[in-house]
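> just need the structure, nothing else, for what follows:
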Amino acid sequence: WAWAQGSGWLDEFLKADLGSLERHSRRLEEEIRNDLAELASVKAWQFCFSRMQENHRRHLMSWQQSMKKLGKGTGKHAHTHRKDAQRHLNECREAVPAWIMPLHRVYETVNAGAGIFDVIIVDEASQCGPESLPLMYLGKRILVVGDDKQISPEAVGTNREQVQQLMRNYLFDFNLADSFDVESSLFDHGRIRFSNRVTLREHFRCMPEIIRFSNDLCYRTDPLIPLRQYPPDRLEPLKSVFVKNGNREGTGQRVINQPEAEALVDAIEECCNDDRYQGMTMGVIVLQGDAQAYHIENLLLQKIGAEEMESRRLICGNPYSFQGDERDIIFLSLVAAPNERIGAMTKAADQRRFNVAASRAQDQMWLFYSSTTNHLSEQCFRRRLVVHFLN
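Predicted structure coming up:
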């Protein structure tokens, strides 16, 4: 009977059945990954406790209490609590196989010494400035993980003449002294000093159409290889919305585009009520200034409420807010509009910000823009982003 109806019906039937099998397969893979992660965690804790002696336990508890007393580190007796924490940590350091902490916490709690850790792994090293250099002293070996095409220290507001003078006064006998500039990251130092570099090219986060913009923008010689497997009924990876009446108000970091913000918020509200977006996380990234992010956040609080925003992990910010983070759906606001002069974004720092912004979405990325390609300079990264969506 199916054959009599024609192969078109059979194709549709098989396609629907195949999609169901793929979704079931993905659920099984996710369950296996979760079980393996839980097993690894249990075995790691078992090993940790098996090597911990009573003396280690006492110092570990004392370290925890000292850190609680230290708090923000601004109290009258903060120096005493910091010293106590360092002393206790030094006594129990070997009992814990791996310490995970932010950079400032390392210096607050570790009694500094040459090679006190066997291995130090620095994640997001491209964001670490000169304050991270002592890590090379604290570790016998160091693994520096980062991406020089993503956001790095920019030293905004720093007097560069004073920095150069300090470098001439104190680093005159250093090899490669110019590499100790305030804009150099730990990842930059690693590239200069370490020859055994490993390039990771497999990309697990984004749909192929989403990560293609970053490949064209930053990784032409070593493009990232997207590995996401997806069903035939997936969400459309790229969606663009042109806001005809968009206009820019304000100057500097205080610029907003009211019509663009309203259109973006309306789209988020529709997505939250759409069954296809059930359970998906969301984020909003503005590509000029900070005020637009605050404005969109206030509109979202009025439209969908704080509870829905929390369940969606929905935050609004600039590319810095999403460095190292990801969401299922990302909404971009270009902000720029033709009613005001549009300066071209062509600097290396702008390139890094656009790379981060356009690579945070896993399944779908929206772009809201008020300027056509005719209003944007051919060298501007805004234009390249708009063209990517239109093509």
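> list the contacts for Thr373?
Contacts for Thr373 (C-beta atoms under 8 Å, 6 or more residues apart in numbering) come out as 383, 386-387, 390. C-betas here are computed from N, CA, C, even on glycine.
> what score does Arg212 have for pLDDT?
Looking at Arg212, its pLDDT is 96.
> what's the distance between Ser50 and Val335?
From Ser50 across to Val335, the span is 56 Å (C-beta to C-beta, to the nearest Å).
> and for Glu308?
24 Å.
> pick out whichever of Ser50 and Val335 has more residues nearby.
With neighbours defined as other C-beta atoms under 10 Å, Ser50 and Val335 compare such that Val335 has more, 26 against 7.
> just to revisit the earlier point, ok, the contacts of Thr373 vs Thr199, which is closest?
Checking the contacts of Thr373 against Thr199 with C-beta to C-beta, the nearest one is Val387 at 27.6 Å.
> excluding chain neighbours, give the residue nearest to that closest one in space.
Thr373 (6.3 Å; C-beta to C-beta, 6 or more residues apart in numbering).
> all strands for the stretch 251-391 of the chain, in order.
Ranges of strands within the stretch 251-391 of the chain are 282-286, 315-317, 327-333, 361-369, based on DSSP state E, counting those that start in this stretch.
> select, out of those, the one closest to Val241.
Nearest of the strands of the stretch 251-391 of the chain (C-beta to C-beta): strand 361-369, 5.0 Å.
> let me see the mean pLDDT of that closest one.
Mean predicted confidence for strand 361-369 is 97.
> if we can go back for a sec, so can I have TSV of the strands of the stretch 251-391 of the chain showing mean neighbour count?
Listed next are the strands of the stretch 251-391 of the chain as TSV, based on neighbours: other C-beta atoms under 10 Å:
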stretch	mean neighbour count
strand 282-286	26
strand 315-317	21
strand 327-333	24
strand 361-369	24
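> quick one: least confident helix or strand in this structure?
Lowest on mean pLDDT, DSSP states H and E among the helices and strands of the chain sits helix 2-5, with a mean of 50.
> can you show me the strands along the stretch 51-200 of the chain?
117-122, 139-144.
> would you list those in CSV and tack on mean pLDDT and distance to Arg276?
Conversion of those to CSV gives the following (pLDDT from 0 to 100; distance: least, C-beta to C-beta, whole Å):
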stretch, mean pLDDT, distance to Arg276
strand 117-122, 94, 38
strand 139-144, 94, 40
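> make TSV out of the ones you listed and add distance to Thr80 and mean neighbour count.
As requested, the strands of the stretch 51-200 of the chain are exported to TSV (distance: least, C-beta to C-beta, whole Å; neighbours: other C-beta atoms under 10 Å):
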stretch	distance to Thr80	mean neighbour count
strand 117-122	25	16
strand 139-144	28	16
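> show me the one of those that comes nearest Phe331.
Using C-beta to C-beta, the nearest of the strands of the stretch 51-200 of the chain to Phe331 is strand 117-122, at 31.4 Å.
> residue contacts, the residue nearest the centre of the chain?
With distances taken as C-alpha atoms, centre = their mean, Gly324 lies nearest the centre of the chain, 2.1 Å away. Neighbouring residues of Gly324 by C-beta under 8 Å, 6+ apart: 123-124.
> show the pLDDT at Gln86.
pLDDT, read off for Gln86, is 86.
> show me what contacts it?
By C-beta under 8 Å, 6+ apart, the neighbours of Gln86 are 108-111.
> before we move on, what about Asp350?
Contacts of Asp350 (C-beta under 8 Å, 6+ apart): Phe381.
> okay, how far is it across stretch 226-236, tip to tip?
Stretch 226-236 has its terminal residues 16 Å apart, counting by C-alpha to C-alpha, to the nearest Å.
> that should have said stretch 227-241, apologies.
So stretch 227-241: terminal residues 28 Å apart, C-alpha to C-alpha.
> residue boundaries of the helices in the stretch 251-391 of the chain?
Taking DSSP state H, counting those that start in this stretch as the criterion, the stretch 251-391 of the chain contains helices spanning 258-272, 291-303, 305-311, 348-357, 381-390.
> got those helices as a markdown table, with mean pLDDT and distance to Arg58 columns?
Output for the helices of the stretch 251-391 of the chain, formatted as a markdown table (pLDDT from 0 to 100; distance: least, C-beta to C-beta, whole Å):
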| stretch | mean pLDDT | distance to Arg58 |
| --- | --- | --- |
| helix 258-272 | 96 | 51 |
| helix 291-303 | 96 | 46 |
| helix 305-311 | 95 | 39 |
| helix 348-357 | 94 | 44 |
| helix 381-390 | 96 | 56 |
